[in-house]
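J.: Next comes the sequence, and after it the predicted model I'd like to discuss.
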Amino acid sequence: MSEETILSVDRLTMRFGGIVAVQDLSFAAERKKITALIGPNGAGKTTVFNCITGFYKPTGGAIRLSHDDGRQIALERLNDFRIAKLAKVARTFQNIRLFPGMTALENLMVAQHNALMRASGFTLLGLIGVPTYGEAEKRAIALATDWLRRIKLLDRADDAAGNLAYGDQRRLEIARAMCTEPALLCLDEPAAGLNARESAALSELLLSIRSDGTSILLIEHDMSVVMEISDHIVVMDHGVKIAQGTPQEVRDDAKVIAAYLGTDEEEAAAVMEGGT
Amino acid sequence: MDYFAQQLINGLVLGSIYGLIAIGYTMVYGIVGMINFAHGDIFMIGGFIALITFLILISVGLTAIPVILLVVLLVSMAITALYGWTIERIAYRPLRHSFRLAPMLSAIGMSFVLTNYSQVAQGARVKPIPPFIKGGYTLHESANGFVIQLSNIQIMVVLTTIVLLAIFTWLVSRTRLGRDMRACEQDQTMAALLGVDVDRTISMTFVIGAALAAVAGLMYLLYYGLVDFFMGFVAGIKAFTAAVLGGIGSLPGAMLGGLAIGLIETFWSAYFSVEYKDVAAFSILIVVLIFMPTGLLGRPEVEKV
């Protein structure tokens, strides 16, 4: 695995009973780049995400995450809160899963659990009010405020997350994932349900996250977003990888076009072009 | 009128004790969605530990009452919290992903275990203590000789409850632990993905609930001057009624429900019949469940399609 690789998926296989959702999938995501995972519905993209973030235990294969300091982590052996804590992988879901009853600011504060946990001496010191905890809390609020400013929700900081507009909730979810200070950010269809203006704002946000040094793995159906921001695209269909490369290479790939729209290449090409 | 005022005071004191227990029910329900039927017995355990600590402190010759009270409070909170933690660890956590009824049945079993364990270990007799905190104030004396009394112990119960509630509210709304608890309540999967150790947060919920129940146990011991192995059952069910009345899952609701049940029970005893006071309290449970299942402050559960 080269220095530039943050995530390497090696011969990943996931079976549910007799159904093979992912078959022998291998790909790599580069550090500080945006890698997109695309494919028709049911191709197995979300299954891959679930394997990476510890929801499923893969039937076979390995998922390695390598940190900046050279530490290698076998993601398929971690689960639950350890994914965020030890591996520093954050994810979002296709549907919005904010804590609707908590304020926007509180949502971002929960994501900083681990930083605060250390500072509070695992609750005990925090209860008796040692000053380091107060400082850590202030830093956490500052980071959360920064993110609220970036996603233009600073004036809604104290509103319940469930009362925000749909597009705002989407951005807040990404900000919340970023507040865990992840090395790898996995986004499952972040542009779903957004209008054209909101998707453009999303693209801009993701590019700024990349330039800040976080690697992104992205599942997305909105081709305008994928083609605009991806550095590398992996195309899946029926659980296997059918193509990979730069946006231009993938767009011209006959197999990709066939997978998306049957075999009518002309029509498929029109759709792919239309997305750019 | 004087009689009414006196009953109001008594009702509020009793309600404070119910409220402290009810918070434990409502917190656990909020975060793991189960009714911890052993919680009433945790309250009883808290009372016993307070009693035992009292006797130990007195037998070593300690006489300063404020010191005794403080030590008893801390010891009984700590040990009862340990009970709460242990019960969650051995009886509920292994069943976390089992079918919905399993932890509830386990809780009922745990309640029997605690009751019988106390009976065997401490005996079946009622354990009295001499009144520790004496004195009080006469607020008003009417022409026919009826006096409204406010005893020091009543003041202490209400003040302690208010202070604890303030600390507890601060904990839930302003601290990392409180945010984690609320996050786990709303979406455990997502909380875990953000790095929150859900199991640890649930343990802490049980610990806090048990500590509050221990305070209620101590108050009960001081107020009524006795504990027995069976007192957890009725008090626990009444606190549960209080939690349902206030809206299960709602923390201010639990306190409000506790006060309401305390007042209803006291006024019923005062104006109708003491023998039927439990009937009054539990009729409330039935009426609330039928006519407003979400309680006073509960949120209706909206299923999104």
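T.: Good, I have the coordinates.

J.: CA atoms for contacts and neighbours, from now on please.
T.: Will do.

J.: Residue B:137 in helix, strand or coil?
T.: Secondary structure, DSSP: H, G, I helix; E, B strand; the rest coil: residue B:137 is strand.

J.: need the contact list for it.
T.: Residues near residue B:137 by C-alpha atoms under 8 Å, 6 or more residues apart in numbering or on different chains: B:149, B:150, B:151, B:152.

J.: these two touch, right, the second one and residue B:136?
T.: I take that to be residue B:150. Yes - with contacts counted by C-alpha atoms under 8 Å, residue B:150 reaches residue B:136, the gap being 5.6 Å.

J.: sorry, back to before: mind giving me the ChimeraX select for the contacts of residue B:137, buried ones only?
T.: This is how ChimeraX selects the buried members of the contacts of residue B:137, with burial counted by 16 or more other C-alpha atoms under 10 Å in any protein chain shown:
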select /B:149,150,151
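
J.: restrict the contacts of residue B:137 to those near chain A?
T.: Counting by C-alpha under 8 Å from any C-alpha of the partner chain, nothing from the contacts of residue B:137 sits close to chain A.

J.: Between the contacts of residue B:137, which has the least confident prediction?
T.: Lowest pLDDT among those: residue B:149, with 84.

J.: how much space is there between it and residue B:270?
T.: According to C-alpha to C-alpha, to the nearest Å, residue B:149 stands 15 Å off from residue B:270.

J.: now swap in residue B:238 and tell me
T.: Distance of residue B:238 to residue B:270, computed by C-alpha to C-alpha: 18 Å.

J.: and if you look at residue B:156?
T.: Residue B:156 sits 23 Å away from residue B:270, going by C-alpha to C-alpha.

J.: pLDDT at residue B:131, what is it?
T.: For residue B:131, the pLDDT comes out at 81.

J.: same deal with residue A:273?
T.: Looking at residue A:273, its pLDDT reads 65.

J.: swap in residue A:20?
T.: Looking at residue A:20, its pLDDT is 89.

J.: circling back: out of residue B:238 and residue B:270, which sits in the busier spot?
T.: Between residue B:238 and residue B:270, counting by other C-alpha atoms under 10 Å in any protein chain shown, residue B:238 is the more crowded of the two (27 against 15).

J.: Would you tell me what helix or strand the more buried one is located in?
T.: helix B:231-246 (DSSP states H and E).

J.: Name the next helix or strand downstream of that helix, please.
T.: helix B:251-271.

J.: quick one, strands of the stretch 1-150 of chain A?
T.: A:5-16, A:19-30, A:34-38, A:60-66, A:72-74, A:89-91 (DSSP state E, counting those that start in this stretch).

J.: and the ones you listed, which one is worst for confidence?
T.: strand A:72-74 - the lowest mean pLDDT of those, at a mean of 85.

J.: Residues of the stretch 1-150 of chain A that sit close to chain B?
T.: Within the stretch 1-150 of chain A, the positions lying close to chain B (C-alpha under 8 Å from any C-alpha) are A:80-85, A:90-91, A:97-102, A:106, A:109-114, A:116-117, A:123.

J.: Can you get me the start-to-end distance on stretch A:49-66?
T.: Its start and end residues considered, stretch A:49-66 measures 17 Å (C-alpha to C-alpha).

J.: Can you name the residues in contact with it?
T.: Contacts of stretch A:49-66 (C-alpha under 8 Å, 6+ apart): A:5-15, A:24, A:47, A:72-80, A:83, A:87, A:89-91, A:186, A:188.
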